[in-house]
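Colleague: Prediction below, plus the sequence it came from.
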Protein chains: 2
Amino acid sequence: MNDHDRIAVAVDVVICMLQNEALTVLLIKRSDQDRWAIPGGIIGVGESLQSAAVRILEEETGMADVYVEQLYTFGEPDRDQRKRVVSVVYYALIPAQQIELKAGSGTDGAAWFNVDELPRLAFDHNEILDYALTRIRNKLEYTDVGFQLLPEEFTLTELQTAYEIVLGEHLDKRNFRRKILQANILHETGGMRTGEGRPAKLYRYRDGAFVEVKARRLFP
Amino acid sequence: MNDHDRIAVAVDVVICMLQNEALTVLLIKRSDQDRWAIPGGIIGVGESLQSAAVRILEEETGMADVYVEQLYTFGEPDRDQRKRVVSVVYYALIPAQQIELKAGSGTDGAAWFNVDELPRLAFDHNEILDYALTRIRNKLEYTDVGFQLLPEEFTLTELQTAYEIVLGEHLDKRNFRRKILQANILHETGGMRTGEGRPAKLYRYRDGAFVEVKARRLFP
DNA sequence: TCAAAAGTGTTCTCGATACACCCATGC
DNA sequence: GCATGGGTGTATCGAGAACACTTTTGA
């Protein structure tokens, strides 16, 4: 078996963040290519898939301690023209904040794109992002990963807005607040956020809280 | 980079079937190992992940046209002592029936194991099966993959029993029947299954039917 | 005529949804 | 005092859950 026949294992990471009332994703452009792509890299010997994902995330954003989860593995033989690459794709949700993008090695540039206005990407990366967004939206509906997209302290309105942006629909304020307070996964920090209008209580995600609703069954 | 450093990509397939009122999984024992393992193999050059899964399934069971879905990719560096292997794991649900097991090459034996009575398996395969079963049960609750475990024609009681076995809990007969008939995914074949007691109507999964319930939202 | 499995409706409870006004602050 | 966003309660509807008897057949 010669080198050309060997299969490379890559890890790609779909990095999502809220910005300007939109869900955005980080894309990079390598010096040797003309299309934007999902950041990724070849897995190191002795490196687990998850740690490769964390490493790539750190290389691109400088952030550690971020929510990262495996999404799917893409391995069509012709997805990369140059050589056979099997990509294990992860997604990461990072808290809304100002990020200084680090230029990774061999990278021409990196930028955040609104997920509803994506250009044509390299390889099968459009397909991967479609898949990732569907999964993230689903997951947001029935687990509490949504908090990963917010800073440590937030107001209920900010939380609701985050949900509305990702799900792409309007939610009822009273119902939203009742439900989330009943779930008992937040606690008031005591602080208030001031600005225009009445100041808002700040909340924090309760340590160790975890909720995952049971799916409504098809055949109960 | 020498050969020892290279990473191999394998595809493993968790093959599930209903048998004797239990959910069972197909395991194999290779000549050179002393523990049972999930069937799998190294992916071929030019072969997609999904077709590798289908190929492995065919090699083990002789069956084609089976429901196959990607589960998760396992890639811890030490999961196989001999060499670095990244396993893309699929699961397959095959209809209850008598299967003649084909002895794959290099295989010492193959056997069906009740999922509640698994031995200690090779590599991290116990962990993989735990994960697979959780996913299959979840999926059964909110999609219609359950039909994949039944033959083409079945009675409502058989269908209910299949669900009860996989979910591990008793379901109410009247609620089950009302819900599944309302869903409009079955049609009566006109045939009846006779046996002890009153004969039962036979049903068939309606072609092209597809249901996936919306998850109950965490924060509506 | 009896055993065995198929088939069939109703009631209650609880969560999901829809909806409109008062409150605290800064300017 | 007014503009701005924060905060609160109630009524309706529908889905989920619990529950027991009649029907059809073969032995």
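Modeller: Ah, there it is.
Colleague: Please report the distance of the nearest residue to A:Val145 once chain neighbours are set aside from DNA strand C.
Modeller: Distances taken as C-beta to C-beta, 6 or more residues apart in numbering or on different chains place A:Lys139 nearest to A:Val145, at 5.4 Å, with adjacent residues excluded. Quick note: C-beta positions are derived from backbone N, CA and C, even for glycine. Going from A:Lys139 to DNA strand C by C-beta to the nearest atom of the strand, to the nearest Å gives 17 Å.
Colleague: Around A:Lys139, how many other residues sit close by?
Modeller: Other residues lying near A:Lys139 total 18 when counted by other C-beta atoms under 10 Å in any protein chain shown.
Colleague: Mind splitting chain A into its structural domains?
Modeller: A:3-140, A:145-218 (automatic domain parsing).
Colleague: which of those is buried the deepest?
Modeller: By mean neighbour count, with neighbours taken as mean count of other C-beta atoms under 10 Å in any protein chain shown, domain A:3-140 ranks first of those at a mean of 17.
Colleague: can you list contacts of stretch A:164-174?
Modeller: With contact meaning C-beta atoms under 8 Å, 6 or more residues apart in numbering or on different chains, stretch A:164-174 is reached by A:18, A:21-23, A:136-137, A:140-141, A:146, A:149, A:157, A:160, A:163, B:219-220.
Colleague: Just name whatever secondary elements the host helix or strand of A:Asp108 is in contact with.
Modeller: Under the criterion of DSSP states H and E, A:Asp108 resides in strand A:107-114. If you count contacts as 3 or more C-beta pairs under 8 Å, 6 or more residues apart in numbering or on different chains; DSSP states H and E, strand A:107-114 packs onto strand A:22-30.
Colleague: Let me see the mean pLDDT of the strand it packs on.
Modeller: Average pLDDT, strand A:22-30: 94.
Colleague: now what about it, what contacts it?
Modeller: With C-beta under 8 Å, 6+ apart as the test, strand A:22-30 has contacts from A:14-18, A:35-39, A:60-61, A:101, A:104, A:106-116, A:118, A:121, A:129, A:133, A:165-166.
Colleague: between the host helix or strand of A:Leu159 and strand A:22-30, how big is the angle?
Modeller: Take DSSP H and E as the rule and A:Leu159 turns out to sit in helix A:156-167. Put simply, helix A:156-167 runs at 60 degrees to strand A:22-30, going by axes from the mean of the first three to the mean of the last three C-alpha atoms, to 10 degrees.
Colleague: hmm, helix A:156-167 touching DNA strand C?
Modeller: No - using C-beta under 7 Å from any atom of the strand, helix A:156-167 never reaches DNA strand C; the gap is at least 11.9 Å.
Colleague: any idea which helix is longest in chain A?
Modeller: The single longest helix within chain A, with elements called by DSSP state H, is helix A:125-142.
Colleague: That helix vs helix B:125-142, what angle?
Modeller: 70 degrees.
Colleague: For helix A:125-142, name the packing helices and strands.
Modeller: Under the contact definition 3+ C-beta pairs under 8 Å, 6+ apart, helix A:125-142 sits against strand A:8-19, strand A:67-74, strand A:85-93, helix A:156-167.
Colleague: Go through the ones you listed and name the closest to DNA strand D.
Modeller: Of all these, it is helix A:156-167 that lies closest to DNA strand D, at 3.4 Å by C-beta to the nearest atom of the strand.
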